[in-house]
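J.: model the structure of this input:
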Amino acid sequence: MPVFTHEQLFHLGQTILQAGGASESEAQVVAQELASANLVGHDSHGVMRLVQYCDFIRDGHIKPGVVPEIIREGAAFLVVDAHFSFGQVASSFTMERLQTKARDCGTANAFIRNCNHVGRLGSYTEAAAKAGFAALMAVNAPGPGQVAPFGALERRMGTNPISMAGPGVSEPIVLDMTTSATAEGKLRVAFQSGKSIPEGWILDGHGNASTNPGDYYAEPNGCILPLGGPLAHKGFGLSVMVDLFCGILSGSGVGRTDLPRGANGVWMELIDIDQVVGREEYDRWIATYDRHIKTAARRPGVDSILLPGEMEQSVSRERQQTGISIPDETWRQLKELAGKLNANIEQL
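T.: Okay, here's the model as predicted:
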């Protein structure tokens with residue numbers, strides 16, 4: 001597998017996106033999010049998405065140059081129509097304005113409709129935590145989706161991810177998870193790498209459990225299961241509530257088949273820690289909590305207890321030293337895409 005630096009992946013993304021029709025500023029925002037996802041080990045949300053994004057531009061699902069629009073607004077909330085612009089651009093646009101409102105009011109919420117794939121949610125909540133906020137972000141997809149409801153064997157819901165973050169002792173504590181057993185991108189990574197997947201992630205198109213990621217993409221389509229295994233009603237319940245908060249409150253809706261790809265709904269909430277509890281008190285309690293969790297007796301074979309986000313921080317440090325491996329099939333697809341777009345990636 002070829003190995004790249006974070007900077008090389010950023011330039012790869014920027015070059016391909018601009019050749020595909022994105023403006024320089026749009027390409028910079030999106031490429032940075034993709035490369036950073038690879039850096040922290042979330043390859044499912046990294047540069048492999050360039051093929052999908054360029055296909056969406058070609059097919060009119062992503063509309064480069066379109067500016068997100070605030071369609072409703074109050075002192076402590078705003079509703080944004082992304083108008084099918086890049087999801088990363090719309091999310092950055094909204095987060096910047098939401099931080100101002102949360103500073104003014106102590107807390108604020110934002111909802112985005114018609115929003116394309118935003119990338120790794122933890123990137124946004126982590127940045128907000130570094131700015132002094134406790135942050136929440138969730139995304140739903142109003143269309144047919146990829147995930148079967150609890151007890152069903154066909155797609156009806158999105159993977160409906162949730163991220164929450166707040167300042168930690170040295171780095172933010174960042175939860176970033178799907179309410180499904182896996183993200184679709186992780187199936188794509190396994191499929192392109194020729195690897196099997198754990199039991200309990202998917203059903204094939206006939207309703208049988210499968211460890212072959214290709215069964216998800218084959219005809220008839222397979223489906224992803226809700227998070228939780230034998231307790232998957234809990235993951236399903238969380239997913240339902242994400243549909244409510246992200247889909248209905250944003251105006252994107254739920255259960256729709258009349259919308260094009262990229263009509264996701266997004267919910268963001270920020271809480272200004274300094275105003276609500278005081279930063280000194282917050283930091284004191286976080287330090288206490290960190291010690292409380294990490295000094296617990298460990299099970300055999302466990303070297304350390306990690307809080308949410310610490311695995312990504314560890315992977316980031318490692319990949320900064322050793323580089324970022326890209327599956328051969330992903331690199332083949334990217335080179336093929338660059339050739340079709342006449343994008344010069346030889347300088348990488």
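J.: for residue 244, which non-adjacent residue is spatially closest?
T.: For residue 244, the nearest residue in space outside its immediate sequence neighbours is residue 254; the separation is 7.8 Å by C-beta to C-beta, 6 or more residues apart in numbering. C-beta: built from backbone N, CA, C; applies to glycine.
J.: can you check residue 220 too?
T.: Spatial nearest neighbour of residue 220, excluding adjacent residues (C-beta to C-beta, 6+ apart): residue 205 at 3.3 Å.
J.: contacts only, for the one you found.
T.: If you count contacts by C-beta atoms under 8 Å, 6 or more residues apart in numbering, residue 205 has them with 215, 218, 219, 220, 221, 222.
J.: the same query, at a cut-off of 10 Å, please.
T.: In this structure, residue 205 makes contact with 153, 154, 215, 216, 217, 218, 219, 220, 221, 222, 223, judged by C-beta atoms under 10 Å, 6 or more residues apart in numbering.
J.: how about it, phi and psi?
T.: The main-chain torsion angles of residue 205 are listed as degrees, to the nearest 10 and equal phi -70, psi -10.
J.: residue 176: what secondary structure?
T.: Secondary structure of residue 176, reduced to three states by DSSP: H, G, I helix; E, B strand; the rest coil: strand.
J.: counting neighbours, what do you get for the spatially closest residue to it that is not a sequence neighbour?
T.: Here the nearest residue to residue 176 in space, its sequence neighbours aside, is residue 122; by C-beta to C-beta, 6+ apart that works out to 3.3 Å. Using other C-beta atoms under 10 Å, residue 122 has 28 neighbouring residues.
J.: picking that back up, and the residue nearest to residue 244, what is it in contact with?
T.: Contact criterion C-beta under 10 Å, 6+ apart gives 140-143, 145, 156-158, 240, 242-244, 246-248, 265 as the residues in contact with residue 254.
J.: just residue 94 next, same as before
T.: Applying C-beta under 10 Å, 6+ apart, we find residue 94 in contact with 68, 70, 78-80, 82, 110-112, 115, 118, 124, 137, 266, 268.
J.: which among the residues you listed end up buried?
T.: Neighbour counting with 16 or more other C-beta atoms under 10 Å marks 68, 78-80, 82, 110-112, 115, 118, 124, 137, 266, 268 as buried within these.
J.: of the residues you listed, which pair is most distant in space?
T.: Comparing every pair within the buried ones among the contacts of residue 94 by C-beta to C-beta identifies 79 and 124 as the most remote, at 17.5 Å.
J.: excluding its backbone neighbours, what's nearest residue 30?
T.: Using C-beta to C-beta, 6+ apart and skipping the chain neighbours, the partner closest in space to residue 30 is residue 88 (4.7 Å).
J.: in which helix or strand does that neighbour reside?
T.: Taking DSSP states H and E as the definition, one finds residue 88 inside helix 87-105.
J.: phi, psi of the closest residue to residue 174 other than its chain neighbours?
T.: Computed as C-beta to C-beta, 6+ apart, the closest residue to residue 174 that is not its neighbour in sequence is residue 309, at 3.3 Å. For residue 309, the backbone dihedrals are phi 100, psi -20 (criterion: degrees, to the nearest 10).
J.: to what extent is the closest residue to residue 48 other than its chain neighbours buried, counted in neighbours?
T.: Closest residue to residue 48 in three dimensions, ignoring its sequence neighbours and counting by C-beta to C-beta, 6+ apart: residue 330, at 4.8 Å. Other residues within reach of residue 330, judged by other C-beta under 10 Å, total 22.
J.: now do the helices in this structure.
T.: Counting by DSSP state H, the chain has helices at residues 6-20, 24-39, 49-59, 87-105, 121-130, 184-193, 214-217, 232-242, 273-276, 279-294, 310-322, 328-341.
J.: quick one on the thing from earlier: tell me which residues of the helix holding residue 88 are tucked away?
T.: Of the residues in helix 87-105, those buried under the neighbour-count criterion (16+ other C-beta under 10 Å) are 87-95, 97-99, 101-103.
J.: that helix to helix 24-39, inter-axis angle?
T.: When axes from the mean of the first three to the mean of the last three C-alpha atoms, to 10 degrees is applied, the directions of helix 87-105 and helix 24-39 differ by 90 degrees.
J.: ok, back up a step: check contacts around the residue nearest to residue 30.
T.: Residue 88 makes contact with 26, 28-34, 53, 115-120, 123-124 under the criterion C-beta under 10 Å, 6+ apart.
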